[in-house]
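> I'd like to go over a predicted model; first the sequence, then the structure.
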Amino acid sequence: MPASNSHSLPRIRVLATGGTIAGAQTGGSRGYQAAAFSIDALIGAVPQLATLARLEVEQVAALGSQDMNESVWLKLAERTAAALAEPDLAAVVITHGTDTMEETGYFLNLVVRSRKPVVLVGAMRPATEISADGPMNLYNAVAVAAHPEASGRGVLVVANDEIHFAREVSKTNTTQVGTFKATDRGLAGLVHAGRLHLYASPVRRHTAESEFDVAAGSTLPRVEIVYAYAGMGRELIDAAVRAGAKGLVVAGVGDGNVNATALAACAAATRSGVAVVRSSRTGGGVVERNIEVNDDELGFIAADELNPQKSRVLLMLGLQRTSDPAALQEMFFRY
Ligand code: SIN
């Protein structure tokens, strides 16, 4: 569906998945239904988009991103790759709920083999809310995707006038429009009513340089996340192993630590062939090897900078290639 007749503008495909950006209030100022509006309706509400790009749309899913899952990730990766393989298509924009946008973004950052821009965009307020943030976010996302300098920077997230690297960004607030933050590394740039100010380049390997791939029909191994807390027991770790997890990410306290009981369960998991990654529940910082926990002796992998949910994404892809903890550790240093 071309939204502009100007053939000098870049061709951009918008892949829609739902989320609050396509959501409607269900009554009063409380409650809403995610994915109530089609992508055609969202684009139709922002006629200024026709000055930025020739947009085409594809509704890949229509869900709240709490329901995002591996099979939609694989479909999205396939649709993104297919779009970017078209020689005269400049970029892909993906509309997505904010709740799990960081996971989808990081997944695509690892598996989409292209230097062309891929930009994820969402909104915190439903489309029918007072001062909905979706229209400006969508306009800015298309402006970023259309800009030549957005190429080769990996998958980006645009919201609230900010441009973030998918690897670095996290949702940090349940309701505020400024929810996306990259605690340790800061912004990729700013975008004001479509005007870009790009500041930084990605620090780790991504997209075109990535070793990961998701061929058609591939499946991802089961990886569970277990959250650490004072007085934690071993039951959930043991249950994950019994349920067939190939990998386990611990959202550890501080530097990715757990108490002696949980540590013994994690060590037993590695002995039974499960890859165990120590991440942190703190929301920032680096989990280092062999500082508080003897990773060499216990066969653990330190998450480096990745939060638990992004550690899970990398571990799933890594386990498709190897179950060797040393090789997996190198991936956590590389990506
Ligand atoms: C969702 O993630 O689908 C709901 C929340 C949002 O998009 O802001």
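Good, I have the coordinates.

> How confident was the prediction at the residue of the stretch 1-150 of the chain found nearest the ligand?
Here the stretch 1-150 of the chain gets closest to the ligand at one residue, Gly97, 2.0 Å apart by CB to the nearest ligand atom. For glycine as for every other residue, the C-beta is placed from the backbone atoms N, C-alpha and C. As predicted, Gly97 sits at a pLDDT of 98.

> now the strands for the stretch 201-335 of the chain?
For the stretch 201-335 of the chain, the strands defined by DSSP state E, counting those that start in this stretch cover 223-227, 247-252, 275-280, 301-302.

> which stretch among the ones you listed comes nearest Asp161?
Distances from Asp161 to each of the strands of the stretch 201-335 of the chain were compared by CB to CB, and the smallest falls on strand 275-280, at 29.0 Å.

> Looking at this structure, which strand is longest?
strand 54-63 (DSSP state E).

> quick one, helices of the chain?
Assigned helices in the chain, in chain order: 39-44, 70-84, 101-111, 134-146, 235-242, 260-271, 295-298, 308-319, 325-334 (criterion: DSSP state H).

> got a markdown table for those, with distance to Pro126 too?
Output for the helices of the chain, formatted as a markdown table (distance: least, CB to CB, whole Å):
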| stretch | distance to Pro126 |
| --- | --- |
| helix 39-44 | 11 |
| helix 70-84 | 21 |
| helix 101-111 | 16 |
| helix 134-146 | 8 |
| helix 235-242 | 35 |
| helix 260-271 | 40 |
| helix 295-298 | 45 |
| helix 308-319 | 24 |
| helix 325-334 | 37 |
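
> Figure out which of those is closest to Ile225.
Per CB to CB, nearest to Ile225 of the helices of the chain: helix 308-319, 5.0 Å.

> will you turn the helices of the chain into TSV that also has mean neighbour count, distance to the ligand and mean pLDDT?
TSV is the format used below for these (neighbours: other CB atoms under 10 Å; distance: least, CB to the nearest ligand atom, whole Å; pLDDT from 0 to 100):
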stretch	mean neighbour count	distance to the ligand	mean pLDDT
helix 39-44	18	13	96
helix 70-84	18	12	97
helix 101-111	26	7	98
helix 134-146	25	9	98
helix 235-242	17	25	98
helix 260-271	18	30	98
helix 295-298	15	34	98
helix 308-319	24	13	98
helix 325-334	16	26	98
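
> Nearest to Ser279, out of those?
helix 308-319 (4.3 Å).

> and stretch 243-258, how far apart are its ends?
The first and last residues of stretch 243-258 sit 21 Å apart, counting by CA to CA, to the nearest Å.

> what does stretch 91-99 give?
23 Å.

> so how far is it off the chain centroid?
In terms of CA atoms, centre = their mean, to the nearest Å, the centre of stretch 91-99 is found 10 Å from the chain centre.

> picking that back up, wait, does the longest strand of the chain make contact with the ligand?
No - Strand 54-63 stays clear of the ligand (CB under 6 Å from any ligand atom), getting no nearer than 7.1 Å.

> Direction included, what does that strand pair against?
Sheet pairing for strand 54-63, assigned by DSSP bridges, gives strand 11-18 (parallel).

> Around the ligand, which positions in the stretch 101-250 of the chain sit nearby?
Residues of the stretch 101-250 of the chain that fall close to the ligand, judged by CB under 6 Å from any ligand atom: 122, 124.

> For the stretch 101-250 of the chain, give me the ranges with low pLDDT.
Within the stretch 101-250 of the chain, no stretch has pLDDT under 70.

> Nearest residue to Gln59 in space, ignoring adjacent ones along the chain?
Ala16 (4.8 Å; CB to CB, 6 or more residues apart in numbering).

> ok, the one you found touching Gly97?
No - at 11.1 Å, Ala16 does not count as touching Gly97 under the criterion of CB atoms under 8 Å.

> in the longest strand of the chain, what's buried?
By 16 or more other CB atoms under 10 Å, the buried positions in strand 54-63 come out as 54-57, 59-63.

> Which two of the residues you listed have the greatest separation?
It's Arg54 and Leu63 that sit farthest apart of the buried residues of strand 54-63, by CB to CB, at 27.2 Å.

> The nearest residue to Gln48 once chain neighbours are set aside and Ala45, how far apart?
Leaving aside its chain neighbours, Gln48 sits nearest to Tyr139 (6.0 Å; criterion: CB to CB, 6+ apart). Here Tyr139 is placed at a distance of 10 Å from Ala45 (CB to CB, to the nearest Å).

> One more: Arg13?
Counting by CB to CB, the gap from Arg13 to Ala45 is 19 Å.

> Neighbour count for the two, which is higher?
The neighbour comparison of Arg13 against Ala45 (other CB atoms under 10 Å) goes to Arg13, with 23 against 14.

> Domain-wise, how is this protein divided?
6-209, 223-334 (automatic domain parsing).
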